[in-house]
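**Student:** would you be able to build a 3D model of this:
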Amino acid sequence: MKIYFAASIYGGRELLEDYKSLVMALKSYGEVLSEEIVDTNLLQKEEKNSPEEIYLSDIEKIKQADVIFAELTNPSLGVGYELGYAEAHYKKILGVYNQTIREKITPMMMGNKNIKMIAYKNIEEIIKKLESLLGD
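**Tutor:** From the prediction side, this is the model:
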């Protein structure tokens, strides 16, 4: 299974350790196409690429993915765009968010029947649910 992991980059790196835990867990279910998101030096590395190169790379990875797994606790324009693109291309989309940090997520996500939304209280809770989420 090919998994595209989406999470806020420019909107905040406060949850980077949680992102790392999720990516490590996701790797036991398949290939994570966007593992660079958890690179501590990602922002510096991205400076070497043009916005167009980053866009084209991410779109190609989404096209290859069997499932899009999005951590949505920190709002992100980029992640919102990626999910819209993925939905338009009939990709399976899973969205998770830490409800102890962000009580509500935009109704555009919560109301979309094409995105399976799951709230969690700690990262271990969502990691334990991965098998049932990815097996659906």
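**Student:** confidence-wise, which helix or strand of the chain is lowest on average?
**Tutor:** When the helices and strands of the chain are scored by mean pLDDT, DSSP states H and E, helix 42-46 comes last with a mean of 68.
**Student:** any chance you could map the helices in the chain?
**Tutor:** For the chain, the helices defined by DSSP state H occupy 16-26, 42-46, 51-64, 77-88, 107-110, 123-128, 130-135.
**Student:** may I see the buried residues of the first one?
**Tutor:** Spelled out, that is helix 16-26. Residues of helix 16-26 classed as buried by neighbour count (16 or more other CB atoms under 10 Å): 16, 18-23, 25-26. The way it works is simple: take the backbone N, C-alpha and C, and place the C-beta from them, glycine included.
**Student:** mind giving me the packing neighbours of it?
**Tutor:** Applying 3 or more CB pairs under 8 Å, 6 or more residues apart in numbering; DSSP states H and E, one finds that helix 16-26 contacts strand 2-7, strand 67-71, helix 123-128.
**Student:** now do the fifth one
**Tutor:** Contact analysis of helix 107-110 by 3+ CB pairs under 8 Å, 6+ apart lists strand 115-120 as its packing neighbours.
**Student:** same check, this time on the fourth one
**Tutor:** Packing partners of helix 77-88 (3+ CB pairs under 8 Å, 6+ apart): strand 2-7, helix 51-64, strand 67-71, strand 92-98.
**Student:** the helices of the chain into a markdown table, with extra columns for distance to Leu33?
**Tutor:** Written out in a markdown table, the entries for the helices of the chain read as follows (distance: least, CB to CB, whole Å):
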| stretch | distance to Leu33 |
| --- | --- |
| helix 16-26 | 10 |
| helix 42-46 | 15 |
| helix 51-64 | 4 |
| helix 77-88 | 12 |
| helix 107-110 | 21 |
| helix 123-128 | 19 |
| helix 130-135 | 14 |
